[in-house]
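1. Return atomic coordinates for the entry below.
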Amino acid sequence: MVETTVAALPSAGGLFRLSDERLTLPQLIAVDTETTRFREPKYAWKGRTRIEPFGGHDLVLGSVGGDGGVTVYHRQLLCEVLWDYLDRGYHLVFHNAAFDVPVLARAEPRLGDALLQAIDEGRVHDTKILEPLIQIAVGANTQSQKRLVTSPSLKALAAARAGMDLDKTSGLRTSFDSFRRPGTPIPQDALRYAAADALATYLVYRSQISEARLLASPRNCKYPLYPDRIERFGLLSENIQVKGSVALAWLEEFPLRVDLACARAKRDSLEAECTRFEKALVSYKWANVTPKTKVFKLKHNAIRTVLAEYAIEKNLQPELTDTGLMTLAADYWSKEIPKITEEAYANPEAVTALEGRLQVWLRYARARKLLSTYIYPYAAAERHYPQYSNIGARTGRTACSRPNAQNIPKRRDGIRALFVPEEGYVFLEGDYKSAELVALAQVYQCLYGGSALGDALNAGVSPHDATARGLEPTYDTLSEGARARLKIAAKAINFGLPGGLGYKTLTKYAASFGLQATVEEMKELRARKLASDPQLRAYLADGLSLEERLRLAAQNLGLSWERFVSLFQAWDPRSPEGMPEAHLGRLRVRVLDWLYGGEDSPEGLTLPPGFKPEFDLFRSTTATLTGRIRGRASFTEAHNTPFQGLVADAGKLALYELRRAHWSEGAGATWFPVAYVHDSVLVQVRPYDLERVRDLVRACMLRGLRAVCPAIRSDVEFVGPLERWGENTDAFGNSLQ
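-> Next up, the predicted model:
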């Protein structure tokens, strides 16, 4: 244990000094701020929506760790000290830069400019961000962590990475209000508390970067990485994520407004629909109403029975719950069962066919989800402040909650029609054009030196048109309806096939685009696409040899190669030294028999906790060009992440560019953002400034995408000006206006 010493620094103007010989990394300081009390967020409808964000806090003092110790400064001197460090080219590390950077910028706008410049130069780091990036690079080890990405608290990180026990339970953290005025005596305990956070941040970062550097250049990854990725985007793409977190924190300052009359009308309509469907489900004997309380309850066993019949009829293998029961998840079954017909919707009690009744059940589940997820929260207040998670998934995509503004249905049920701009403003939505295909073409460019997809995009040709023509040589002689159908199939293939979808899953995916095709038809179209696209064919090919694939299985089981071969009894008994020399064919057969043939696990094989062989055995490492590594990825995850993750990075960079532009306009800005949806941005703008802001948004979005996809032509499509975010539609997407 390294001892620390305390000394006063009256000559330097510091309030407190904590010396520590571990804080000696060159050109690096850790920064932590202490503020006045902030306004607690206010939530409505069971905590599902935030109707007032936290805020109202101001800088009181801060701690700077580095150059052999931690010094605590009062507000004004802190800003001067940080300005000097930034001017001398230092790197700054925070725990939650999205909180600290705005606090410092409000205290001293000149420092805000310097901090944004340092972020641009990759000199701002964040332990809260780096930790989940390391988690993603290592990969999930248990079933419950497959999609889990966590951002641990500084207290948890300090304990795990620095052996420190930070005090977060006492009243010290909320005591700094009383020290706002310079010269006010501050107790030593409060100063020690402030210094401890900067010390912990510094030590945690030292630990993190040691691990991140090892993970940043994986040996077993076949996916391309930019050679200069660390210089441009930081370790594991950290700089992109810092920019995204700062931009999303800025976005959360602006409310998304709801037309309450429209929301309540939609609520009444869906509730009436649920009542009709409940009566139908009771008539099917799939539900009942309790005699005394009159509460409607679904009969899960009855529904599972008919779902089992349907699965047999359609030759399906339904997903199971953790307890081994057939899943009742509507999200799963909606991919297997066609959408409800207008006749069944109008008169659900008259439906007799099994599939039709299941459609009624699914529509009821959707209506209930729309009410609980969207309508009830939105109808609770006129203005909402969605909360964004910078790394909401292992692909790097963001997430949104309380309320969810990113997964709102676009066409059916008219949910987006509830949102309206503030008085005197209009909506303008900018959306990347074919962003995932642009990103995929950039991946092809790095892997193969070019592609037909990239050529089409750079020539300004619709990639869906190009694919449709490749699927059918007689395309020009087809009827207009046949060409339109083929274009829909091409769209499903372009977006679904690079992620590794098989023809059965591709058939279901095509249905989401409105294409009802047979499995045989999609199988043929899939085969034609692969035959005509050598880059796609190469991208989907398993680039590992048989031995490499088996060694990957051994690694995922946590076994040495020799132990793995021995457990499956695949050594060569004729080897003169009796060593476990693999007979690969024999080993492959025995592993696959265990995996798919129902064979018992080999004697002596202990699976890691939560390990599911059919899910985990052949997981591998994938990556984005920007350097975000993802360990233990499945086949589809491994192929989706390189281009989906690239689009996620582009969106964050674009939003940060908008943040920069808005900061430069200051109080005179005529626009502000209200929602971010993966590859699109919704802004409010004064109508008289619409054209300028459209050009500004386009420029910012293109800078974000071209930073990560420089070789492929890209563009932004706009919708607006809008009086509502979306059109008011019914359950089938028909306009109600």
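
2. ok, now which ones touch the nearest residue in space to residue 405 that is not next to it in sequence?
-> Leaving out its chain neighbours, the residue that sits closest to residue 405 by CB to CB, 6 or more residues apart in numbering is residue 386, at 4.3 Å. (Each C-beta comes from the backbone N, C-alpha and C, glycine too.) Applying CB atoms under 8 Å, 6 or more residues apart in numbering, we find residue 386 in contact with 50, 252, 256, 400, 401, 402, 403, 404, 405, 675.

3. Show me which of these is closest to residue 286.
-> residue 404 (28.7 Å; CB to CB).

4. where does that closest one land on pLDDT?
-> At residue 404, the model reports a pLDDT of 90.

5. and if you look at the one 3 residues further on?
-> Residue 407 carries a pLDDT score of 88 in this model.

6. same deal with residue 15?
-> The predicted local confidence for residue 15 is 93.

7. do residue 574 as well
-> 55.

8. And the one 3 residues further on, by the same measure?
-> At residue 577 the predicted local distance difference test score is 51.

9. One more: the one 3 residues further on?
-> Residue-level confidence at residue 580 comes out at 48, pLDDT.

10. Can you name the next helix or strand after the longest helix seen in the chain?
-> With secondary structure taken from DSSP state H, the chain has its longest helix at helix 635-665. Following helix 635-665 in sequence order, the next helix or strand is strand 671-676 (DSSP states H and E).

11. how much does that next one deviate in direction from helix 635-665?
-> 160 degrees (axes from the mean of the first three to the mean of the last three CA atoms, to 10 degrees).

12. Summarise which helices and strands strand 671-676 is packed against.
-> Under the contact definition 3 or more CB pairs under 8 Å, 6 or more residues apart in numbering; DSSP states H and E, strand 671-676 sits against helix 238-251, strand 256-257, helix 635-665, strand 680-685.

13. Run through who's touching the first one.
-> This means helix 238-251. Contacts of helix 238-251 (CB under 8 Å, 6+ apart): 96-99, 101-102, 119, 122, 124-126, 129-130, 133, 212, 232-234, 388, 390-391, 396, 398, 626, 649, 651-653, 655-656, 658-659, 662, 673-676.

14. Export that helix to CSV, keeping only CA atoms.
-> Presented in CSV, the C-alpha positions along helix 238-251 are these (Å, rounded to 0.1, in the frame of the first residue of the first chain):
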residue,chain,number,x,y,z
GLU,A,238,-13.2,5.6,-26.5
ASN,A,239,-13.0,9.1,-28.1
ILE,A,240,-16.1,8.5,-30.2
GLN,A,241,-18.0,7.4,-27.0
VAL,A,242,-16.8,10.4,-25.1
LYS,A,243,-18.2,12.6,-27.9
GLY,A,244,-21.4,10.7,-27.9
SER,A,245,-21.9,10.9,-24.2
VAL,A,246,-21.4,14.7,-24.1
ALA,A,247,-23.7,15.1,-27.0
LEU,A,248,-26.5,12.9,-25.5
ALA,A,249,-26.3,14.8,-22.2
TRP,A,250,-26.8,18.0,-24.2
LEU,A,251,-29.8,16.4,-26.0
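
15. Give the rounded mean pLDDT of the longest helix of the chain.
-> Here the average pLDDT along helix 635-665 is 95.

16. Buried residues in it, which are they?
-> 637-662 (16 or more other CB atoms under 10 Å).

17. can you check stretch 494-511 too?
-> With burial defined by 16+ other CB under 10 Å, the residues of stretch 494-511 counted as buried are 494-501, 503, 506-511.

18. Looking at those residues, which is nearest residue 328?
-> Nearest member of those to residue 328, counting by CB to CB, is residue 508, at 18.3 Å.

19. For residue 731, see how far away the closest one is.
-> 20 Å (CB to CB, to the nearest Å).

20. before we move on, what about residue 137?
-> In terms of CB to CB, residue 137 sits 43 Å off from residue 731.

21. out of the two, which sits in the more crowded spot?
-> A count of neighbours by other CB atoms under 10 Å puts residue 137 above the other of residue 137 and residue 731, at 24 against 19.

22. who's in contact with the more buried one?
-> 212, 215, 216, 218, 236, 628, 629, 630, 631.

23. Correct me if wrong, but the last one is in a helix.
-> Translated: residue 631. No. Residue 631 is assigned strand when assessed by DSSP: H, G, I helix; E, B strand; the rest coil, not a helix.

24. Do I have it right that it meets residue 136?
-> Yes. Using CB atoms under 8 Å, residue 631 is in contact with residue 136, at 7.3 Å.

25. When the two are compared, which one has more neighbours?
-> Neighbours were counted for residue 631 and for residue 136 using other CB under 10 Å; residue 136 has more, 26 against 23.

26. Surely that one and residue 629 touch.
-> Yes. With contacts counted by CB under 8 Å, residue 136 reaches residue 629, the gap being 7.1 Å.

27. Touching both of the two, which residues are there?
-> In contact with both residue 136 and residue 629: residue 236, using CB under 8 Å, 6+ apart.

28. in the protein, which residue is closest to the centre?
-> The centroid of the chain falls nearest to residue 397 when counting by CA atoms, centre = their mean (2.5 Å).

29. Now do the contacts for the residue lying closest to that residue once chain neighbours are set aside.
-> Excluding the flanking residues, the one nearest residue 397 by CB to CB, 6+ apart is residue 648, at 4.5 Å. Contact analysis of residue 648 by CB under 8 Å, 6+ apart lists 395, 396, 397, 398, 678.

30. which stretches of the stretch 501-650 of the chain aren't confidently modelled?
-> 542-544, 572-582, 610 (pLDDT under 70).

31. all helices for it, in order.
-> 503-511, 519-532, 534-540, 546-556, 561-567, 584-596, 613-616, 635-665 (DSSP state H, counting those that start in this stretch).

32. Ok, which of those comes nearest residue 181?
-> helix 635-665 (28.9 Å).

33. now the strands: where do they sit in the stretch 151-300 of the chain?
-> Ranges of strands in the stretch 151-300 of the chain, per DSSP state E, counting those that start in this stretch, are 256-257, 287-289, 296-298.

34. ok, back up a step: please identify which of the contacts of residue 648 is nearest to residue 359.
-> Looking across the contacts of residue 648 and measuring by CB to CB, the closest to residue 359 is residue 678, at 29.2 Å.

35. Could you list the single helix or strand in the protein with the lowest mean pLDDT?
-> Ranked by mean pLDDT, DSSP states H and E, the helix or strand of the chain with the weakest confidence is strand 5-9, at a mean of 46.

36. For the helices of the stretch 501-650 of the chain, give me TSV that also has distance to residue 339.
-> Formatted as TSV, those follow (distance: least, CB to CB, whole Å):
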stretch	distance to residue 339
helix 503-511	8
helix 519-532	18
helix 534-540	30
helix 546-556	39
helix 561-567	47
helix 584-596	33
helix 613-616	30
helix 635-665	24
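
37. Quick one, which of these gets closest to residue 467.
-> Nearest to residue 467, of the helices of the stretch 501-650 of the chain and by CB to CB, is helix 519-532 at 6.7 Å.

38. Could you figure out how far that closest one is turned away from helix 503-511?
-> Using the same axes, to 10 degrees, helix 519-532 lies at 100 degrees relative to helix 503-511.

39. So for the residue lying closest to residue 295 once chain neighbours are set aside, what's the pLDDT?
-> Distance criterion CB to CB, 6+ apart; nearest residue to residue 295, sequence neighbours excluded, is residue 289 at 6.8 Å. If you check residue 289, the pLDDT there is 94.

40. Please apply the same query to the one 3 residues further on.
-> As predicted, residue 292 sits at a pLDDT of 87.

41. What's the local residue count around it?
-> With other CB under 10 Å as criterion, residue 292 counts 5.

42. Could you do residue 518 as well?
-> So residue 518, with other CB under 10 Å, has 9 neighbours.
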